[in-house]
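Undergrad: make a model of this:
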Amino acid sequence: MERTVVLIKPDGIQRGLVGEIMHRFERKGLKLVGLKMVTMTDAMLDSWYVHHKDKPFFETLKTFMEWTPVVAMVWEGLEAVAAVRKIVGITKAREAEAGSIRGDFGMSGSQNIIHASDSLESAEKELGLIFNADEIFDYESGMDSLIYSKGEA
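TA: Have a look, this model is predicted:
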C-alpha cells in the first residue's frame, strides 16, 4: 500500500473545510494513518518548496503557508498518490474539474486549499519533514475487505 501526504493549507483552515476534505478521502476508501496540526517553519518550507526557491512568488508562498497552522495528514491505499491527486484536482483551482476539492472550493493558483504529494518520492520526503515515525499508525481497518477485492490488497 502507498502512503501520501496531504496538507490543508491556511485558506482551507480559515474557510472551515477540514471536515469536508477529510470526508472526501474517507468516502474514497483511503485510510487515515497520520494526522496533526503543525506550524510550518521557514526551514521546513525551504525544504518543502525547494523546487520553487528561484521563482518570484517563493517568499509570498512561504508567508502564506506560515499564516496559520496547517492540518497534515497521511493517507494510505492502493495507488494512494494518484487517487489523492485526482480528488484534489489541478493546481490552478479555477480550472480544476468540478467534483475535485480545488474545483469545488478554489479560485486561486496559490491559495488553492490543499497540498498533495505528487509522487512516492515526494510523499516520503514530505512525511519525513512533518511526521515522526511514532505519529504514523499501522492498523487493520474493518473496512479493508469492503474497499479492495481479495487479490488487490
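
Undergrad: helices or strands up against the helix or strand in which Lys86 is found?
TA: For Lys86, the element it lies in under DSSP states H and E is helix 80-88. Contacting helix 80-88 under the criterion 3 or more C-beta pairs under 8 Å, 6 or more residues apart in numbering; DSSP states H and E are the following elements: strand 2-8, helix 18-28, helix 101-105, strand 114-116. Where you see a C-beta, it was placed from the backbone N, CA and C, and this is true even at glycine.

Undergrad: and of the ones you listed, who's closest to Lys53?
TA: Among the helices and strands packed on helix 80-88, strand 114-116 comes nearest to Lys53, with 16.5 Å by C-beta to C-beta.

Undergrad: what are the pairing partners of that closest one, and which direction each?
TA: strand 2-8 (antiparallel) (DSSP bridges).

Undergrad: how about the helices and strands packed on helix 80-88, which one is nearest Ala123?
TA: strand 2-8 (4.6 Å).

Undergrad: pLDDT below threshold where in the chain?
TA: The model of the chain has no residue with pLDDT under 70.

Undergrad: sketch out the helices for it, chain order is fine.
TA: 10-14, 18-28, 42-48, 58-65, 80-88, 101-105, 120-130, 144-147 (DSSP state H).

Undergrad: just put those helices in CSV and tack on mean neighbour count.
TA: Shown next, in CSV, are those (neighbours: other C-beta atoms under 10 Å):
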stretch, mean neighbour count
helix 10-14, 18
helix 18-28, 15
helix 42-48, 15
helix 58-65, 16
helix 80-88, 20
helix 101-105, 20
helix 120-130, 17
helix 144-147, 12
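
Undergrad: ok, which of those comes nearest Glu2?
TA: helix 80-88 (4.0 Å).

Undergrad: what's the distance between the closest one and the middle of its chain?
TA: 9 Å (C-alpha atoms, centre = their mean, to the nearest Å).

Undergrad: same check on stretch 54-74?
TA: Counting by C-alpha atoms, centre = their mean, stretch 54-74 comes out at 13 Å from the chain centroid.
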